[in-house]
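>>> Sequence plus predicted model, see below.
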Amino acid sequence: MKIIFFALSCFVATASFAQDVKKAPEGMPPFGRMRFQKAPAENYELKTCDGRATMIIDAANGARVMSLKWDSLEVLSQNPAPNMYGSTFWTSPQKEWNWPPVREHDMGRYTVEERDGKIIMTSEVPERIPLRIGKTFSVVNGDMFCITYSITNEGKEDRKVAPWEVTRVVGEGEISFNAQVENIWPAGLMDFKQQEGRAVYSIDSVDKQRKINANGIPSADEGSICDGMSVLYYSNNGILLTKRFHDLKDGEAAPGEDEIQVYVHQKALYCELEEQGPYTLLKPGEKLEWTVYWHLSSTK
């Protein structure tokens, strides 16, 4: 184990190497049939300056955010089944790779560099989709986690792509964002209520999978680095997770996608808070960058 301290930063990187083998939930097929095998963990930890919020990222398993805690309370889904836990990153639109997610991006080992109070993780390049993913993790303003994603075209042809963050939480609590309910599509899948300028959904359980899309309305936060960004909120168990990201204008989303997406697994086994960045043309060797800010606070 190693612990690295950076001056003038509230960053602690802890790399640990431990076998983490979990069984499939009762009633589900063994993970081997799902082409899923989790590697031994290589965890790195970030803390906010007050020490109350903690983020753990596993470089050996897709540079996935494995845990997000407020004090001892976990926010992210810890379901051990494939693609049901933590926070990951994909390229959009999904039709480019269909299913399952591209292993090098979603579950592969990332290289790690620690520099200037930041953890920089970089993927390998898959053969079928020659895009390299980068993830830079840091703490800003002492109380926000900052994740800057990059997508680099390592192929020989132009490619259009959008960044896509997928954060899985437990299937309880409330999800909201700045939008008009009437603009959520497909309509009627989830019982969103209009509360002034915000669409609010209390997570419910039905026996089918559901997913909705919306283009959020940017929030005003004068003087903040997040001014003019779109916002996605999740509250549960007295904790509020706020995610802020670049606001998409009409026509900037990837085909068939949108800026904000919410997915609820059948019987609310878990939920996904998803946001996407602009659909961008990358020539060979070009790179796009896209940043998401995470903030945890108590609602009590």
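Noted; the coordinates are in hand.
>>> buried stuff in stretch 47-54?
Using 16 or more other C-beta atoms under 10 Å as the test for burial, stretch 47-54 gives 47-48, 53-54. Using the backbone N, CA and C atoms, a C-beta is placed for each residue, glycine as well.
>>> Which members of those occur in strands, if any?
Those of these mapping onto strands are 47, 53-54, per DSSP state E.
>>> Tell me who's in contact with Asp204.
Contact analysis of Asp204 by C-beta atoms under 8 Å, 6 or more residues apart in numbering lists 190-191, 268.
>>> please redo it, this time with the cut-off set to 7 Å
By C-beta atoms under 7 Å, 6 or more residues apart in numbering, Asp204 lies in contact with 191, 268.
>>> Now Thr291. Nearest residue, chain neighbours left out?
Counting by C-beta to C-beta, 6 or more residues apart in numbering, Thr291 lies nearest to Thr148, which is 4.5 Å off, once chain neighbours are set aside.
>>> Would you agree Cys49 is in contact with Gly142?
Yes: counting by C-beta atoms under 7 Å, Gly142 is a contact partner of Cys49 at 3.8 Å.
>>> Who does Tyr270 form a beta bridge with?
Beta-bridge pairing for Tyr270 (DSSP bridges): Val170.
>>> Quick check, pLDDT for it.
pLDDT recorded at Tyr270 is 97.
>>> Thr167 versus that one, what's the distance?
Distance of Tyr270 to Thr167, computed by C-beta to C-beta, to the nearest Å: 10 Å.
>>> for Lys156, same thing?
Separation of Lys156 from Thr167 (C-beta to C-beta): 33 Å.
>>> Settle it for me: which of those two has more neighbours?
More crowded of Lys156 and Thr167, by other C-beta atoms under 10 Å: Thr167, with 24 against 8.
>>> What sits closest to that one if chain neighbours are left out?
Ser87 (4.0 Å).
>>> That neighbour contacts Leu76, doesn't it?
Yes: when contacts are counted by C-beta under 7 Å, Ser87 is listed as touching Leu76 (6.3 Å).
>>> list the residues that contact both of the two?
In contact with both Ser87 and Leu76: 65, 168, using C-beta under 7 Å, 6+ apart.
>>> between those two, which one's more packed in?
Taking other C-beta under 10 Å, Ser87 and Leu76 do not tie; Ser87 has more neighbours (26 against 23).
>>> can you give me phi and psi for the more buried one?
As for Ser87, its main-chain torsions (degrees, to the nearest 10) stand at phi -130, psi 130.
>>> give me the number of residues near Glu274?
23.
>>> low-confidence ranges in the protein?
Per-residue confidence for the chain (pLDDT under 70) gives these ranges: 1-37, 222-223.
>>> can you pull out the helices in it?
In the chain, the segments counted as helices under DSSP state H are 103-106.
>>> looking at it, which residue lies furthest from center?
What lies farthest from the middle of the chain is Lys156; by C-alpha atoms, centre = their mean that is 28.6 Å.
>>> any idea how far the residue nearest to Thr291 lies from Trp185?
For Thr148, the distance to Trp185 (C-beta to C-beta) stands at 29 Å.
>>> the more surrounded of these two?
Neighbour totals were compared for Thr148 and Trp185, and Thr148 leads with 16 against 12 (other C-beta under 10 Å).
>>> Assess the claim that the more buried one and Leu288 are in contact.
No: distance between Thr148 and Leu288: 10.8 Å, which falls outside the contact criterion (C-beta under 7 Å).
>>> mind listing what's buried in stretch 251-264?
Buried-residue list, stretch 251-264, by 16+ other C-beta under 10 Å: 252-254, 257-262, 264.
>>> quick one: which of these sit in strands?
Members of the buried residues of stretch 251-264 lying in strands (criterion: DSSP E): 260-262, 264.
>>> residues near the closest residue to Arg198 other than its chain neighbours, how many?
The shortest distance from Arg198 to any non-neighbouring residue, by C-beta to C-beta, 6+ apart, is to Ser176 (5.1 Å). By other C-beta under 10 Å, the residues close to Ser176 number 19.
>>> so what's Ser176 up against?
By C-beta under 7 Å, 6+ apart, Ser176 lies in contact with 198-201, 233.
>>> Narrow these to just the buried residues.
Buried members of the contacts of Ser176, scored by 16+ other C-beta under 10 Å, are 198-201, 233.
>>> Mind putting the residues you listed into a markdown table with distance to Glu274?
Formatted as a markdown table, the buried ones among the contacts of Ser176 follow (distance: C-beta to C-beta, whole Å):
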| residue | distance to Glu274 |
| --- | --- |
| Arg198 | 18 |
| Ala199 | 15 |
| Val200 | 17 |
| Tyr201 | 14 |
| Tyr233 | 14 |
